[in-house]
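Asks: Here is a sequence together with a model predicted from it:
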There are 4 protein chains.
Amino acid sequence: MKALNIGLIGTGFMGKAHAIALKAAPTVFSLPALPVCDLLAEVDDEMAARKARELGFARSTGDWRALVADPEVDVVDICAPNFLHQEMALAAIAAGKHVYAEKPLALSAADAQQMVEAAERAGVKTLVGFNYIRNSATRLAREIIASGEIGELIHFRGRHNEDYLADPAKPHDWHTRRATAGAGALGDVGSHILNMAEYLTGRRIQEVFGQLQTVIPKRPLADGSAGLGEVENDDQAQALLRFDGGLIGNIETSRVAVGRKMGLAYTVTGTKGTIAFDQERMSELQLYKSEGPEGRRGFRTLLIGPEHPDYAAFSPAPGHGLGYNDQKIIEIRDLVEGIVTGTPLYPDFREAWRVNRMIDAIETSHAEGCWLPV
Amino acid sequence: MKALNIGLIGTGFMGKAHAIALKAAPTVFSLPALPVCDLLAEVDDEMAARKARELGFARSTGDWRALVADPEVDVVDICAPNFLHQEMALAAIAAGKHVYAEKPLALSAADAQQMVEAAERAGVKTLVGFNYIRNSATRLAREIIASGEIGELIHFRGRHNEDYLADPAKPHDWHTRRATAGAGALGDVGSHILNMAEYLTGRRIQEVFGQLQTVIPKRPLADGSAGLGEVENDDQAQALLRFDGGLIGNIETSRVAVGRKMGLAYTVTGTKGTIAFDQERMSELQLYKSEGPEGRRGFRTLLIGPEHPDYAAFSPAPGHGLGYNDQKIIEIRDLVEGIVTGTPLYPDFREAWRVNRMIDAIETSHAEGCWLPV
Amino acid sequence: MKALNIGLIGTGFMGKAHAIALKAAPTVFSLPALPVCDLLAEVDDEMAARKARELGFARSTGDWRALVADPEVDVVDICAPNFLHQEMALAAIAAGKHVYAEKPLALSAADAQQMVEAAERAGVKTLVGFNYIRNSATRLAREIIASGEIGELIHFRGRHNEDYLADPAKPHDWHTRRATAGAGALGDVGSHILNMAEYLTGRRIQEVFGQLQTVIPKRPLADGSAGLGEVENDDQAQALLRFDGGLIGNIETSRVAVGRKMGLAYTVTGTKGTIAFDQERMSELQLYKSEGPEGRRGFRTLLIGPEHPDYAAFSPAPGHGLGYNDQKIIEIRDLVEGIVTGTPLYPDFREAWRVNRMIDAIETSHAEGCWLPV
Amino acid sequence: MKALNIGLIGTGFMGKAHAIALKAAPTVFSLPALPVCDLLAEVDDEMAARKARELGFARSTGDWRALVADPEVDVVDICAPNFLHQEMALAAIAAGKHVYAEKPLALSAADAQQMVEAAERAGVKTLVGFNYIRNSATRLAREIIASGEIGELIHFRGRHNEDYLADPAKPHDWHTRRATAGAGALGDVGSHILNMAEYLTGRRIQEVFGQLQTVIPKRPLADGSAGLGEVENDDQAQALLRFDGGLIGNIETSRVAVGRKMGLAYTVTGTKGTIAFDQERMSELQLYKSEGPEGRRGFRTLLIGPEHPDYAAFSPAPGHGLGYNDQKIIEIRDLVEGIVTGTPLYPDFREAWRVNRMIDAIETSHAEGCWLPV
């Protein structure tokens, strides 16, 4: 079988998740090519070598530029911190590689645009890791919506709230600085729910009205020195939305929402039914339909099973449940299929650029106090 | 024991709920006066007499003005449709009666203001039936918040969504006309969540940014004649909120949210914990606190019991559950206590006027596309 | 309207619940006679007078025998501790009164039998307060089962677990003594789930296999004197069941189930569907039906509404919720209708005697280690 | 790194799950040896070759005896139907291989005993795939119980109910025949909950009282010929349990429990707290503790996170969720560690033999109508 050599940059949370998924995907799915864990880059040679052993990569390098330039590498997989995405992606594109990058694509819409243009000029494939849209339950939600089963959509409510920075004693890190993160919660986790809003509804967000807030304005310095440093981006944000076709909605996002660990959730209301989902219970979907006698209607809990998108590849038995990393396995399947068969990848850089534009529009709208187009 | 003669106007959904609560309250609670189901008014003598028999009132009249003028009546209890609240309340105040009215107080802030001024000039007591704030679980939520147990508040999310007008074949009724309802979902059920937002947080909403939508623009005419008539107010609305002290939040409201029957729900996030509540499970409260080892933290389901506000009067056994009408029993207790002891009633007309001002501000903000003060 | 004078003995938890329901029932329902809170008996004249004032009874007495003999009293309502049920009921029957008694009917099947025979000889009406079977959600469950909507029944699982004696420092009271309680958890709360099992399924339990356990064998003495006294009945019990028609099932009951406050719950499985219910969420029912496409099946949450038994009398709006005391209001309706119209009351003494026979059979089965007929 | 060559027999549901886990485990965990997908056996050469390609095995064979005899194979991994476990395991043991087998170990305790004795004589390592005990939430439950955090255990309730044979039109397969399955639901899924009962509580089940039932006595024949054939084992079963140390409990199991897909659930009650779990929500655990003020107690939902057993290897972020196959990854980790380091494996053949003895005792108890020792 054809091989697709992967060059992975970065081995934190996401790098490891990618590695696990790369290993498992060819057994879970029947793929048109074999993704090979070929080359791994980390901050220095020693760490790169150790991580390659741990994550099962054949080769390693302490220089990501060497990885990008390596003739054996087919796909550059960028799991480095967000502020490095642009430089790495542009280099990879310049070297003619396909690029698989974590979200958010860039720190600003302007940066993202540059990446989109470079990729499209070069004709390489791109994919951005908005993994929650690959969960079977969410794919089922999209299928139900697209089929008209809940009628015309009339409202979207989404949130992605976590509490990873709820503790005010937690010092600064790359999340809290403009130069390394761009927007705060809005960019980091809010990007998921913004992409999700369009993915699920099949509609474009046309205008936004945003409100942002830095709840903890100062934090201890990262270097442990005395004093506090100013937090440079939002801890929480919310926005009202106007989609095309008259659909309205709202989103919320936070990194200080005490008690929320994986709080991506949505409710999509149509004229004939409603869908509700919470990623903390990622293997079930709530569905209400206005059919049958009134006295027998209710939200039903659909446990994900082999009738639903992609589940059967993991298990023939319903209700046995998928996990976080399984979403990445589906993402790898989509990546490999898209590259090998030439079909469009979703969400590619162009699509992820939209998310950056939404983030920018929400921030500007907050500053100007008015609706803004995306 | 002192008696407090009640004159009830209107015997629909709310009128019956008031009557049930008036009957049960003196047995549930030890009251400083006995509320007596004295006089009942309906649209004509015959119906009034029949309803008085059904609901257990001593006397009846087909003329509400006679009720208001009746010297035996101490409290005029207004359960007539919303568009009659103003006229009836002003007449009752003019007759020197205390007034207990259903929500929303009026169709506009201007109308409400007139009622407030009349009541305050006359020195009568007033109470408006925002009954959900009397539920034990919600009173517990307020107690937890006020005590600082979840720290400083950082976010309020509230909704009151129902689906009573989700069916487009449902003809016009008083809800759908400007002259009889004022605002649509926003006035009818949205008024609950706006009042709740301030009640729970103990903070004032200072500014709002609103968005309204009429999802079903035309409906069959109420008289059954051919053709459709235009719906004159919102089917759904949402708003971003700025409270005093820097708290932010949002609300949603709908009368077309398919599947929601009693969808008042809120999440209040503080710096040390979070509260979540759904009126469809009205006897439980979710509480998360940032204390104890990380691995033992989680949202806990507090079943309402005798340690919590007002529950013990209904049952000494925890978890046995309160119902919708029990909230009205607590409201009657508050009414009687307030009138007899002279302590302030909450929410009185002045407080309910705020809700009308918020509704008006949200509507105007929608039209003007900018933040507006309440 | 015809009046039905009620004589209430006992004003603890259940006595107050009865009083509240007696006050509210005529306004909630259209009754064929007016239940009147006429005469109240307590342990002495002073307490009786005070409680009559509090609960709204016209007259009072410190001698329950005087109440039973009072010619104005139509129905003797026994809310005294369980060990007094027999003596009081026999006296009431002898005086020709209808009897409304709390559960369990008696401390043993033999005692209950004597009460049944006396009542039937005297031709008086009897009703026993197994109130949970009057909850709308449970009446809906029964309706669904009886209609064949979930097919032939194949399994019943029931439990009634609470934790009111989980604390080993809690001293003896009437619950823990054979002479005053008969069986322990099995008699006190287990009686509910045994009656429920037959009520819901419409089947008779024919044989039982029981297992009982006293988890906390000694407790502090009730009089506060030093030392511990032996607990004389079960803290928890479980049994396997054989119903007629081949249905099998099991029940569990406990008074030491830490965390359970109102833990009556059941799952009824049929060949075409399953029902699940938990009294801690008393206004909802879970229903699964094997119909429609596999990928759209799931347990649905039915919120109780006006389409369901008795709910509309409380509220025309779905999902607004009933509470514990509302069950007693329905019980009063059933009591009054049964007495006035002469239709059978359920569960009457004969039916409640069955429950005592089941309890006895489970206890004996435990001792003998074999299946026993009821 | 040392390699551990795996020879996999069978590629159905479980075979594929093992293969996925073998691929992912070395990246998820830091293992002391590398499990290698070496040789795969299926019913014929062609299918074996195809499956080896699909599942990523280096070599294949149509003869499982060749696999067992292959000198390169270190571990024989048996995922063939249950009735083949014994013959295959004995052959593997005879060839000196470690054996990793799916559950239930054998069709009867006698068969299992023979396997235990052979393995122990040969000194090979054995592991049986009761995968649900490796789920992080369940490992957390065990940790909480073992630490005494919920006090002394007083009750265990367990069930494993599914509905894979609820449809009476489903024809016979190996599950429904004595010769190929042994017990029915009790052996197939009931074995999980029996093992779980001992694993969680750390107590041995000493005596059982069982009740079994074949709900659908006849089914269409597997070969499609006309007529129905008799089902030879139980569709549902239940048992009361006596553990050592005085703990009591019960289990239920079914393959006809309409609506249950992965219905393994347990409630473990202690003197100071209670744990509740449902595998359909496999990444959360309910915990109630009798501590803190009464009014703040409630079951809390613990979302599995990095503080809990094994979770951190999958993700550093709490609440992101594990899936069914992740349990198998943990199982592979345990297998490899046990074999390489020589530490005991749990549950090994001896432990799994206990499960077979419990199954046999429940069946015999049902027939004899009395308690039986395991």
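Replies: Thanks, I have the structure now.
Asks: Contact partners for A:Gln113?
Replies: For A:Gln113, the contact set (Cβ atoms under 8 Å, 6 or more residues apart in numbering or on different chains) comprises A:Trp353. (C-beta placed from N, C-alpha, C; glycine too.)
Asks: Need phi/psi at it.
Replies: Here is the backbone geometry of A:Gln113 (degrees, to the nearest 10): phi -60, psi -40.
Asks: gap between it and A:Arg350?
Replies: Going from A:Gln113 to A:Arg350 by Cβ to Cβ, to the nearest Å gives 9 Å.
Asks: now do A:Ala52
Replies: Going from A:Ala52 to A:Arg350 by Cβ to Cβ gives 32 Å.
Asks: quick one: which of those two has more around it?
Replies: Between A:Ala52 and A:Arg350, counting by other Cβ atoms under 10 Å in any protein chain shown, A:Ala52 is the more crowded of the two (23 against 19).
Asks: And the more buried one, how close does it get to A:Leu39?
Replies: Separation of A:Ala52 from A:Leu39 (Cβ to Cβ): 8 Å.
Asks: Contact partners for the most centrally placed residue in chain A?
Replies: In chain A, the centroid-proximal residue (Cα atoms, centre = their mean) is A:Phe130; its distance is 2.1 Å. Shown in contact with A:Phe130 (Cβ under 8 Å, 6+ apart): A:103, A:191-192, A:195-196, A:199, A:347, A:352, A:355.
Asks: tell me, what's touching A:Ala52 and A:Leu39 both at once?
Replies: Residues touching both A:Ala52 and A:Leu39 by Cβ under 8 Å, 6+ apart: A:58-60.
Asks: In PyMOL, how would I select the buried members of those residues?
Replies: Filtering those down to the buried ones (16 or more other Cβ atoms under 10 Å in any protein chain shown) takes a single PyMOL command:
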select buried, chain A and resi 59+60
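Asks: Now intersect the shared contacts of A:Ala52 and A:Leu39 with the helices, please.
Replies: Using DSSP state H, no member of those sits in helices.
Asks: can you narrow the shared contacts of A:Ala52 and A:Leu39 to ones near chain D?
Replies: Among these, no residue lies close to chain D (Cβ under 8 Å from any Cβ of the partner chain).
Asks: Can you show me the strands along the stretch 151-300 of chain A?
Replies: Secondary structure of the stretch 151-300 of chain A by DSSP state E, counting those that start in this stretch: the strands cover A:153-161, A:205-213, A:218-220, A:228-230, A:236-243, A:248-254, A:263-270, A:273-278, A:284-289, A:299-303.
Asks: Quick check, A:Leu241 in contact with A:Glu252.
Replies: No: applying Cβ atoms under 8 Å, one finds A:Leu241 not in contact with A:Glu252, separated by 11.3 Å.
Asks: Compare those two and say which is more crowded by neighbours.
Replies: Legend: neighbour count by other Cβ under 10 Å for A:Leu241 and A:Glu252, higher for A:Leu241 (30 against 25).
Asks: ok, now which ones touch the more buried one?
Replies: Per Cβ under 8 Å, 6+ apart, neighbours of A:Leu241: A:156, A:197, A:205, A:207-208, A:248-251.
Asks: tell me which parts of chain A are close to chain B?
Replies: Within chain A, the positions lying close to chain B (Cβ under 8 Å from any Cβ) are A:150-151, A:154-155, A:157, A:166-168, A:209, A:211, A:213, A:215, A:236, A:238, A:240, A:246, A:248, A:250, A:252, A:254, A:256-260, A:269-274, A:288, A:290, A:297-299, A:369-371.
Asks: Could you find the closest non-adjacent residue to the residue nearest to the centre of chain A?
Replies: Distances taken as Cβ to Cβ, 6 or more residues apart in numbering or on different chains put A:Asn195 closest to A:Phe130, at 4.7 Å, once the chain neighbours are dropped.
Asks: A:Arg134 is in contact with the one you found, correct?
Replies: No: contact criterion Cβ under 8 Å: A:Asn195 and A:Arg134 do not qualify, at 11.5 Å.
Asks: host element of the residue in the stretch 1-150 of chain A that chain B sits nearest to?
Replies: Here the residue of the stretch 1-150 of chain A nearest chain B is A:Ile150; by Cβ to the nearest Cβ that distance is 7.6 Å. Here A:Ile150 is covered by no helix or strand, with elements defined by DSSP states H and E.
Asks: Please apply the same query to A:Asp111.
Replies: Counting by DSSP H and E, A:Asp111 is part of helix A:109-122.
Asks: repeat for A:Arg354
Replies: Using DSSP H and E, A:Arg354 falls within helix A:349-368.
Asks: Output the contacting helices and strands for that helix.
Replies: With contacts taken as 3 or more Cβ pairs under 8 Å, 6 or more residues apart in numbering or on different chains; DSSP states H and E, helix A:349-368 sits against helix A:109-122, strand A:126-128, helix A:185-188, helix A:190-201, strand A:205-213, strand A:236-243, strand A:372-373.
Asks: What residue in the stretch 101-250 of chain A comes nearest to chain C?
Replies: Using Cβ to the nearest Cβ, the closest approach of the stretch 101-250 of chain A to chain C is made by A:Leu140 at 7.6 Å.
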